[in-house]
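**Student:** using only what follows, build the 3D model:
(chains A, B and C)
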Amino acid sequence: MSSSVVGGLVGARIKRREDVRILTGAGRYIDDVHERNTLTCHFVRSTLPHARISGCDVAAAREMEGVVAVITGDEMAQFTNPINLGAPIPGLNSPSFTALATGTVRYVGEPVALVVASDRYVAEDAASLIEIDYDPLEPVVSTTQALADGAPQLFDEVPGNVIHSGEIAVGDIDAAFAEADHVVTDRLDQHRWTCAPMEGRGGVATYDRSTGVLTYEASTQTSHLMRLLVAGFINQPIHLMRVVTSDIGGSFGLKFSMYREDVALCAAAKHLGVSLKWVEDRNENLTAGGSARDETLTIDAAVKADGTLLGFRVNMVMNHGAYPVMPPAPVVTGIAGHMLPGPYRVPAYRFTSTAACTNKASYISLRGPWAVETLVRERMMDLIAKRVGISPVEVRQRNLIPVTEQPTMSGAGFTLDGVTAAETFARLTEMIDLDEIRAQQEKARAEGRLVGFGVGTFYEPAPGTPEFWGLIGFPFSAEPVRLRVEPDGHITAFTTQIPHGQGHETTLAQVIADEMGVAFDDVRIVFGDTDATVFTMIGTGGSKAGMMATGGAMVAAREVRARVLDIAAHMLEASPSDLQIENSVISVKGAPGSAVPLADLAMGCYMAPGMMPQGVDLNLETTAHYDGENGGWGQGSHACWVEIDQETGKIAVTRYLVVEDCGKIINPAVVDGQVIGGIAMGLGGMLLEHAAYGEDGQYLAGTFMDYLMPSAPEVPEIEIEHLEYQAPTMVGSRGVGEGGTVLAPAALLNAVDDAFGQVEAGRITATPLTPTKVLQALGVIED
Amino acid sequence: MKPASFEYWTPTSVDEAVKVLSGLDDPGDAKVMAGGQSLMPLLNLRLSQPLHVVDLNGVDGMADIRREGDTLTVGAMCRQRAVERSAEVSAAAPLVVEALGNVGHPAIRNRGTVGGSIAHADPAAEMPAVALCLDAEMVAQGPAGGRVIPATEFFEGFLTTALTEEEVLTGIRFTADGPGSGSAFAEVARRHGDFAMAGVAVHVRLDGDTVAQARIAVSGVGLTPVRATGAESSLRGATAAEDAFAAAAAATSSALRPATDLHASGAYRTHVVGVLVRRALRTATDRARGNR
Amino acid sequence: MSDREITVTVNGTVHTALVEPRRTLADFLRHTLGLTATHLGCEHGVCGACTVLLDGEAVRSCLALAVHADGHEVTTVEGIAEPGQMHPVQTALWESGAFQCGFCTPGFVMTIYGMERDARAGRGCPRSRTEIREELSGNICRCSGYQAIVDGAEAALTAATGSASGSETRR
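**Tutor:** Numbering: from 1, shown residues only, chains lettered A, B, ... in the order given. Below is the predicted model of the structure:
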């Protein structure tokens, strides 16, 4: 993109600015950070799922050449505070724990001791000399075990191992079931899978003894939250704590939370007065970094004879793992519960949930953490269609709420407005010919092939509304952007977003350049550094940026632009409303000769304010907050075609079609990238990935040879159609980051169920869809 | 994930490599490194912590491909990618080339060696099954000189071969395919390039439409790759057609008791081996018919 | 374990260094030479982020020892274009919007660079999108879903085969 391009940037397929450093290898990821004399850390981790620590001998490790320190859990507890990541949510039993394990270990991979050494090779050598004695305790692996009477208790503060239980009730659910012509039931045991970004967690903590400032360059989605929490847990005055982010090698929710490793690393750096680096390796990431999903749901639907929904009754049990992370479990179950009725008319609804703690690594966020609601609901819609004898398309058409009938109440009792799931589904159905698909399936069967077709639709809080987040108990906060016109007329904007692949350095520059009438290359986006950016609780996450960060950029740019025009109006003796900014020059519309370059105006404001117009605001820097204009939603509909090899059980996704609506598109390449990447993740999660535990609580997928990430041949070509519904808001754009991952599992499973249905096979209710399970469902092999 | 320390030896000849190994207090403390594509992950994960690594990458003369009469000898240090692209190997032992296409990914095969894969003896790997199927001979050198080990006697257990701790695998001898021969490799993996849940290597010789000889080796179903001897004898003298293939598939599967793991159940492996045997036999016999 | 002196040509520059034999080629490049473009995503040879060229062939630098490069030539992403410039493969991937977080990127660039160089030399390369996907199956990207990477690779390879004579489809 050349700097000469001005105007019309929003909506254009601008090449990403980030890519220049990414493609040339000039990125700055955690292991690329080399502070002076940085030492390396390595965590010694529990090898048992549940045990008392009866001894810890670190003497030999401490004596090893190159080892600077070995810190045990008890020692670490001397200079850190107990960690509690709870929130003021009623009924939440959030246990406190220490940065390194003290007394008891509760999952395989829990950090027990920290080795500080000259390099990672030496640190791992030292770690192998540390002897920890464990007295094994009975492991609690499944939620059934955790919730059983007399189950071993993981924490004194968590009676019955119940972290939280919740309920949502709307309408008269008993009446709905009493009135129903059909009651359709289903269950789903979703397996554990995980974020697995290509770069694991990690950070470089540097303590400056002369100033007392602790700088933590971290791989995190939320630098201000990290700063707030870590400062508290290590007794560092927050004004002397700085968190910086640079390039982040992916996250997908993993790096939303602060982790105990962050606390241990920062505490050790402060304690030792040094610079410490920790880079999570792949084995640690898979074993100890936490994983997601791992839920069991039962669902009953009350339905009329024609397929009209009367009510859903749902129970969700989440396998929470041992230790809480951010966000707390009820945020995830709460979003799942509130989203589950989906974009359909659901007159009565009851949702109950339990989060049970177990001897597994933490339950973490993964791209649409609540996504199981879409999976069980969309599978249920297909079951209903089958029961009442209509097509999967028709059952959805009969129950979807068109945007023209909004605002209205969602099935979970909050206002739906501007939700266009029905419109995306209508467009999808225009693009497919169901009769033709059925004919092709019949033809394939005649050839001995088995071809399945599935659809699904959904909507998501991207960013959601204040009312919705109020029900969840999570803040819907305004989004600040700080923006400055520099003395040369270039623009620096500071976002609280922390991009890790979303391309905000490009998209926010597009927005600001258009607003300010300057070239794309004249705008720089600064992020991550808590010394530079405005305090906010949440960085990047929850598909917020599309609307909220865009809005922040717009209101900040408009505020500064208004000041610029006020100043220029005096200089050009014109009304501000008659002025325009084009190509960094402010001029009177229709009188191009009457003009002042933005650079001259800015230089005057900074260098010679006395010579500038008086009585107007000469401050060309502002911090503005965008309140979100009551928020909005993202939505889409997917269609998935599969072919199942009935001899090997392999599922091939042969075609995948998406109609998505995130409102006004700022950069089509970025939007498509989010959609396609999200779908690849959703398909991989269902077909390949499994963060598996044995019944003994040992972790079974500690390498990429066991934890199977989708590679290029496993991902289909994905066709995308965009709707761009625009609500009557200043910001027409909404989020798009999570939806692909939320809906793809449902479309895929519906396609597989459709294929199975043609040969009267069973149905898979416990994911993942391994070839073994496929052949079991087909009756080819025994369970 | 960094390797533990080891004493590092860089012999420049096979004799020297053997001398290094036999000169150690306990040769069992040593690992011989070829391309390193199996050993390095184990070292990085510290699942293997040898005191000594004897690296063959500097040894001369171990990476030749030679055809003498009916015998094709592939040097143990031949990179898999080079073997895959070798016209000589393709002509004499096309099964080797076909199977190599399933080994990891191009960047793995650029470095990985045929000998390393066979000596590592992963039961789920392609090359051991191919060697077993082709009745290859392993040429080894030890302190007492050279010896030749038939493939059927080579794979003794999980990651365990008939090589002594002081021996080095120097080459693999294959008998070149004659007229009427055909082979095929088939496997099912979770993903492209993964170790297979099960794999089948088949070599047949047809006399007209009659199977004169069949050899079938199966990977991923036990502690070693295994020959399907029952299936082989059921095929001998049979007409190369679906009935015989199905009988061979059934005979192969019924002799197996594979284990269950994260990727597939034992029942799945038992079943899918039969599928693969049928598919590979179809392909191999088609090829044999085209090779008269 | 005694250190070994090795001499390695990296991106055309000769480096002599003392290294522990156990040090991987990736760690030698990243930490001994400070060439941090080569990333480590798994350290057991699955993800491909650490792909470099060793004597012109793509290899995993996490599965080679630094001592293996003694007397050999290594090419990393830092070495395929002049500073501040992009190689046509990089430009094609930029134009296709191939990448998001960028961590896997150097490995993909080096894999595609190797393919493109073969194509340019008339040694053949994957042509169809399916073939490109198979050839890229040793590189894992968590962000993109691969489609835009395949777009970029396809464009780069098409341009390269157009400039080569007598090229043929490999595989």
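
**Student:** quick one: stretch A:12-26 near chain C?
**Tutor:** Yes - counting by Cβ under 8 Å from any Cβ of the partner chain, chain C is contacted by stretch A:12-26 at A:13, A:15, A:16, A:18, A:19, A:20, A:21, A:22, A:23, A:24, A:25, A:26. C-beta coordinates here come from the backbone N, C-alpha and C atoms, glycine included.

**Student:** OK, contacts around the third one?
**Tutor:** Under the criterion of Cβ atoms under 8 Å, 6 or more residues apart in numbering or on different chains, the contact list for residue A:16 reads A:503, A:505, A:506, A:667, A:669, A:670, C:94, C:97.

**Student:** quick check, nearest of those to residue A:529?
**Tutor:** residue A:505 (13.8 Å; Cβ to Cβ).

**Student:** from the chain's centroid, how far away is the lowest-mean-pLDDT helix or strand in chain A?
**Tutor:** Least confident helix or strand of chain A, by mean pLDDT, DSSP states H and E, is strand A:591-597 with a mean of 94. On the basis of Cα atoms, centre = their mean, to the nearest Å, strand A:591-597 is displaced by 47 Å from the centre of the chain it belongs to.

**Student:** I'd like to know how many residues surround the residue lying closest to residue A:520 once chain neighbours are set aside.
**Tutor:** Closest residue in space to residue A:520, ignoring its immediate chain neighbours: residue A:513 at 4.9 Å, by Cβ to Cβ, 6 or more residues apart in numbering or on different chains. Neighbours of residue A:513 under the rule other Cβ atoms under 10 Å in any protein chain shown: 25.

**Student:** related to what we said a few turns ago, so for the helix or strand following the least confident helix or strand of chain A, what gets flagged as buried?
**Tutor:** Note on strand A:591-597: by DSSP states H and E, the next helix or strand toward the C-terminus is helix A:598-607. Under the neighbour-count criterion of 16 or more other Cβ atoms under 10 Å in any protein chain shown, helix A:598-607 has A:598, A:599, A:600, A:601, A:602, A:603, A:604, A:605 buried.

**Student:** check the closest residue to chain C within the stretch 301-450 of chain A and give its pLDDT.
**Tutor:** Nearest to chain C, among the residues of the stretch 301-450 of chain A, is residue A:367, at 10.2 Å (Cβ to the nearest Cβ). Here, the pLDDT recorded for residue A:367 equals 97.

**Student:** skipping adjacent residues, who's closest to the residue in the stretch 1-150 of chain A positioned nearest to chain B in space?
**Tutor:** Taking Cβ to the nearest Cβ, chain B has its nearest neighbour within the stretch 1-150 of chain A at residue A:121, 4.5 Å off. Closest residue in space to residue A:121, ignoring its immediate chain neighbours: residue B:2 at 4.5 Å, by Cβ to Cβ, 6+ apart.

**Student:** what does residue B:230 give?
**Tutor:** residue B:251 is the one closest to residue B:230 (Cβ to Cβ, 6+ apart), at 4.2 Å.

**Student:** quick check, that neighbour in a strand?
**Tutor:** No - going by DSSP: H, G, I helix; E, B strand; the rest coil, the assignment for residue B:251 is helix, not a strand.

**Student:** where's it relative to chain A, distance?
**Tutor:** 18 Å (Cβ to the nearest Cβ, to the nearest Å).

**Student:** that residue reaches residue B:238, doesn't it?
**Tutor:** No - at 11.4 Å, residue B:251 does not count as touching residue B:238 under the criterion of Cβ atoms under 8 Å.

**Student:** residue contacts, residue B:154?
**Tutor:** By Cβ under 8 Å, 6+ apart, the neighbours of residue B:154 are B:118, B:121, B:131, B:132, B:138, B:161, B:162, B:163.

**Student:** low pLDDT regions in the chain?
**Tutor:** Picked chain A for this. Along chain A, the model assigns pLDDT under 70 to residues A:1-6.

**Student:** correction: the question concerned chain C.
**Tutor:** C:1, C:163-171.

**Student:** residue of it nearest chain A, please.
**Tutor:** Residue of chain C nearest chain A, by Cβ to the nearest Cβ: residue C:37 (2.3 Å).

**Student:** hang on, that residue in a strand?
**Tutor:** No - counting by three-state DSSP, residue C:37 falls outside a strand, being coil.

**Student:** give me the neighbour count for the nearest residue to residue A:377 once chain neighbours are set aside.
**Tutor:** Excluding its sequence neighbours, the residue lying closest to residue A:377 (Cβ to Cβ, 6+ apart) is residue A:342, at 5.1 Å. Counted by other Cβ under 10 Å, the residues lying close to residue A:342 total 29.

**Student:** surely residue A:342 meets residue A:457?
**Tutor:** Yes - counting by Cβ under 8 Å, residue A:457 is a contact partner of residue A:342 at 7.5 Å.

**Student:** need the residues touching each of those two.
**Tutor:** A:378, A:421.

**Student:** which residues touch residue B:164?
**Tutor:** Residue B:164 touches B:27, B:142, counting by Cβ under 8 Å, 6+ apart.

**Student:** swap in the one 5 residues further on?
**Tutor:** When contacts are counted by Cβ under 8 Å, 6+ apart, residue B:169 is found next to B:76, B:115, B:118, B:119, B:138, B:139, B:140, B:161, B:163.

**Student:** would JSON lines of those with secondary structure, distance to chain C and neighbour count be doable?
**Tutor:** Formatted as JSON lines, those follow (DSSP: H, G, I helix; E, B strand; the rest coil; distance: Cβ to the nearest Cβ, whole Å; neighbours: other Cβ atoms under 10 Å in any protein chain shown):
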{"residue": "B:76", "secondary structure": "coil", "distance to chain C": "17", "neighbour count": "28"}
{"residue": "B:115", "secondary structure": "helix", "distance to chain C": "16", "neighbour count": "28"}
{"residue": "B:118", "secondary structure": "helix", "distance to chain C": "18", "neighbour count": "27"}
{"residue": "B:119", "secondary structure": "helix", "distance to chain C": "17", "neighbour count": "25"}
{"residue": "B:138", "secondary structure": "strand", "distance to chain C": "24", "neighbour count": "26"}
{"residue": "B:139", "secondary structure": "strand", "distance to chain C": "24", "neighbour count": "20"}
{"residue": "B:140", "secondary structure": "strand", "distance to chain C": "24", "neighbour count": "25"}
{"residue": "B:161", "secondary structure": "strand", "distance to chain C": "22", "neighbour count": "21"}
{"residue": "B:163", "secondary structure": "coil", "distance to chain C": "22", "neighbour count": "21"}
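
**Student:** fine by me, we can end here.
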